[in-house]
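**Q** based on what follows, work out the 3D shape:
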Amino acid sequence: MGDQEDEGNALYGLGTVYSRQGDVEQAVECHEHALSIIRGSGDRLNEARVIGDLGNVYARAGDFRRAIGCYERQLVIVREVGDRGGEAKALWNTGWALGALGETAQAIEYGEAGLRLFDEVGDEKNAAKARGQLAQWRQAARNGGDAIS
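**A** As a prediction, the model looks like this:
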């Protein structure tokens, strides 16, 4: 039918389903295809959302370095467009992935920045989760051990 926006959104949705089913390869393929379409539309918020979710696919697969790369790309876009809630999520997800890699000090830095923004935008649910995880990271840092993610 030639509706690029709907095609991009459909591919994004399909990628999300594949991700939940654990099919990383198909999820990445769908998200990347959706991303190429969405970039062409100029919809920066949607582009950031897809990039962030692509990062989540990589994180679920244990590829935290690639996940971090996606979250950092997402962060650039959400800052450009002024999406404070998206910025909070990108910061938090970067921190979480760093924590999973045992990079506790950096995880805490990103996590605290994300928490400040969760509080700023009134996202109480994510703020509460962030506080709990930050407490675990801080405890791990005091003990000189790996973070619990």
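**Q** separation between the residue nearest the centre of the chain and R79?
**A** Centroid-nearest residue in the chain: G52, 4.0 Å away (criterion: CA atoms, centre = their mean). Separation of G52 from R79 (CB to CB, to the nearest Å) stands at 13 Å. (Glycine included, C-beta is placed from N, CA and C.)
**Q** who touches the strand or helix carrying E32?
**A** Using DSSP states H and E, E32 maps to helix 24-41. With contacts defined as CB atoms under 8 Å, 6 or more residues apart in numbering, helix 24-41 is touched by 4-5, 7-12, 14-16, 18-19, 46-47, 50-51, 53-54, 57-58, 60-61.
**Q** which ones among those residues map onto helices?
**A** Within the contacts of helix 24-41, residues falling in helices by DSSP state H are 4-5, 7-12, 14-16, 18-19, 46-47, 50-51, 53-54, 57-58, 60.
**Q** wait, what's in contact with R49?
**A** 12, 86.
**Q** now A10
**A** Taking CB under 8 Å, 6+ apart, we find A10 in contact with A34.
**Q** on the pLDDT front, check it for me.
**A** If you check A10, the pLDDT there is 91.
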